[in-house]
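Trainee: Here you go, sequence then predicted model.
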Amino acid sequence: MRKEVMLSTLGLRAGYGGKPVLQGLDLEVREGEIVAVIGRNGVGKSTLMKSLIGLVPTMDGSIVYQGSPVEGLTAFKRARLGIGYVPQGRDVFPRLTVGENIAVGGLRSGGVSEADRKRVLGYFPILEERWSQRAGTMSGGQQQQLAIGRVLVANPSLILLDEPSEGIQPNIVQDIARIMVQLNKDTGVTVVLVEQNIDMIRAMAQRCYVMDKGRIVAALGREELADGEAMRRHLAV
Amino acid sequence: MDVGTLAFSALYQFGDAFAFLVLSACGLAVIFGMMGVINLAHGEFIMCGAYVTVSAAHAGLPLPLAIVLGALVAGMVGALVEIVVVRHLYDRPLDTIVATWGLSLIGTQGTLILLGSTMAGVGTPFGSFQVGAYSYSLYRLVLFVMAIVVLAGLYALFNWTRFGVMARATIQVPHMAAALGVDTRRVYSLTFALGAGLAGLAGGLYAPTMTLVPTMGTTFIMEAFVTVVVGGADVFLGTAPAAALLAVVKATMTSWYGQLFGQIGLLVAVIVVIRVLPRGISGFLLRERA
């Protein structure tokens, strides 16, 4: 059974003025999938994520989310439609406590209920210990978990996860990958993952797009993901 | 004069100076601290609050309600100014200074043209009380209490409400707040309106104690800027301690050498603080916490 399309882009051109970083990018992600986007540094992966959430303006082409075009909406409106963005570098609010960071994430679904709180803490128990601590004082791995918990609290339909392994200890990377897979099983949340870490891609993704110069240049299935040589070639070229 | 009355006199001077500094500065501090906007029309929002308060009192509204009305009207004017002017200049901070300065001139001169060079005031309420050989205005004590109430209210607003957590998230990482569903434009509008409303409140509260002229904002603006510069970007860790420090300087200098030296003392204190703590008191306090 083919699931509904959650997110698709067609001829997406986006950037910061002048020459667009994304040069006519097409992709399609179905409901409940975990899809990775890989590619060398500077091919526009983070720009893709920012343009999907609306932090980088669309110049041309379309972004369709759950059947409706969203490329003309501002970031906060897209977030309210159920897109959860976990940025590269995490961008937690450093001088807010963990609890307040979660509260900001919960605003779009009308506040954090006790059930929401329990659900997030069930996946990321470390956040309970640190609940009243300022987010800026936590380690990278803890901040990453907070950044994911912060979008999770509002029950997103789609999570955009940008380089979650960057600057994080290997064992935490594994934990995060495991939790994301579990989350996907439990809630059916769709995940678009930008990542360079092969282990994390293999642990999480069901399939994968390869990006180069602002375009999708290849699509890899599960078998090709398992082929270590091919993956390394795509990441390192 | 015995020690008790002397101590009371010193305390009263301090409280009076502290209240004036806090009430003049908090609106400016909220707008600068939360949005990074230097609002040179701050004095005119104060004037607006004072004029509305006095007009409403003349029209028969009880003074406390008139003061609230003054704050509300100044806040609404602030929201309008944000939507029409300031919003379009967020990525051009220097232009914001010029634009708000222009608004300040328009406000002062417009009031002069429309309402004339002065407006009949209302008397200071509550009368006075006697401690030792001196008599003190009871209303000045009310102003001190109001300064504390405003600080406590702002603390509660920013720490315990939905708006507060949204506003703090928005100043820390604006793009991320937006990506989590916060309408950051609305947060900025409300914050600017809040700052303008606090300025209006200061104007309303001080209206009974001073002569109403279109340029009355300048009476407040020096103290307001000095307090914000010394305090830095945080209202609670900056404005409140800065006001306390400057109140000591001002009260001491004023009671020993007179008004003029009180002002000079303030300016010297600013120079010293900025030399030692370039980012103000709150910048110093926050340096290890970010």
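Mentor: The structure has been received and is ready for your questions. Just so we're clear, the structure is a prediction, and the values are computed from it rather than from any experiment.

Trainee: I'd like to know the phi and psi angles of the residue in chain A that chain B sits nearest to, please.
Mentor: As assessed by C-beta to the nearest C-beta, chain B sits closest to A:Arg108 within chain A, at 3.1 Å. All C-beta spots, glycine's among them, are computed from the backbone N, C-alpha and C. With angles defined as degrees, to the nearest 10, A:Arg108 sits at phi -70, psi -20.

Trainee: go on, A:Thr58?
Mentor: Dihedral pair for A:Thr58: phi -80, psi 130, per degrees, to the nearest 10.

Trainee: That one: how many residues sit nearby?
Mentor: By the criterion of other C-beta atoms under 10 Å in any protein chain shown, A:Thr58 has 22 neighbours.

Trainee: For the nearest residue to the residue of chain A closest to chain B once chain neighbours are set aside, what are phi and psi?
Mentor: Spatially, and ignoring its direct neighbours in sequence, A:Arg108 is nearest to B:Gly181 (3.1 Å; C-beta to C-beta, 6 or more residues apart in numbering or on different chains). With angles defined as degrees, to the nearest 10, B:Gly181 sits at phi 100, psi 10.

Trainee: Please list all residues in contact with B:Gly181.
Mentor: A:Phe76, A:Ala79, A:Arg80, A:Leu107, A:Arg108, A:Ala154 (C-beta atoms under 8 Å, 6 or more residues apart in numbering or on different chains).

Trainee: Surely the fourth one touches B:Ala178?
Mentor: By that I understand A:Leu107. No: using C-beta atoms under 8 Å, A:Leu107 makes no contact with B:Ala178, being 11.7 Å away.

Trainee: What pLDDT is listed against the residue of chain A closest to chain B?
Mentor: For A:Arg108, the model assigns a pLDDT of 89.

Trainee: From what I see, it and A:Ala79 are in contact.
Mentor: Yes: taking contacts as C-beta under 8 Å, A:Arg108 lies within contact range of A:Ala79: 5.6 Å.

Trainee: what about the chain, any weak spots by pLDDT?
Mentor: Using chain A. Within chain A, the segments meeting pLDDT under 70 span A:1-2, A:236-237.

Trainee: oops, I was thinking of chain B
Mentor: In chain B, residues with pLDDT under 70: B:1, B:287-290.

Trainee: Just give me the longest helix of it.
Mentor: Secondary structure assigned by DSSP state H gives helix B:3-35 as the longest helix of chain B.

Trainee: buried stuff in that helix?
Mentor: For helix B:3-35, the neighbour count (16 or more other C-beta atoms under 10 Å in any protein chain shown) marks B:9, B:12-35 as buried.

Trainee: Check which helices and strands that helix is in contact with.
Mentor: Packing partners of helix B:3-35 (3 or more C-beta pairs under 8 Å, 6 or more residues apart in numbering or on different chains; DSSP states H and E): helix B:42-58, strand B:128-131, strand B:134-137, helix B:138-160, helix B:162-172, helix B:184-206, helix B:217-231, helix B:240-257.

Trainee: So what's the residue count around A:Ser132?
Mentor: With other C-beta under 10 Å as criterion, A:Ser132 counts 9.

Trainee: Validate this expectation: it resides in a helix.
Mentor: No: counting by DSSP: H, G, I helix; E, B strand; the rest coil, A:Ser132 is not part of a helix but coil.

Trainee: so who does it touch?
Mentor: A:Thr97, A:Val98, A:Gly99.

Trainee: how many neighbours does residue 69 have?
Mentor: I went with chain A, as the question did not name one. 12.

Trainee: switch to chain B, that's the one I care about
Mentor: Neighbours of B:Leu69 (other C-beta under 10 Å): 20.

Trainee: what's the distance between it and B:Thr219?
Mentor: Noted for B:Leu69: a distance of 21 Å to B:Thr219, by C-beta to C-beta, to the nearest Å.

Trainee: again with A:Arg134
Mentor: Taken as C-beta to C-beta, the span from A:Arg134 to B:Thr219 is 39 Å.

Trainee: Just give me how far the longest helix of chain B sits from the chain centre.
Mentor: 10 Å (C-alpha atoms, centre = their mean, to the nearest Å).

Trainee: List the contacts of the biggest helix by length in chain A.
Mentor: As assigned by DSSP H, the longest helix anywhere in chain A is helix A:170-187. For helix A:170-187, the external contacting residues (C-beta under 8 Å, 6+ apart) are A:32, A:34, A:123-124, A:141, A:144-145, A:148, A:152, A:155, A:161, A:164-165, A:168, A:189-191, A:193, A:197, A:199-200, A:203-204.

Trainee: Return the set of buried residues in the helix or strand following that helix.
Mentor: Of the helices and strands lying after helix A:170-187 in sequence (DSSP states H and E), the nearest is strand A:190-194. Residues A:Thr190, A:Val191, A:Val192, A:Leu193, A:Val194 are the ones in strand A:190-194 that count as buried (16+ other C-beta under 10 Å).

Trainee: Cool, thanks, talk later.
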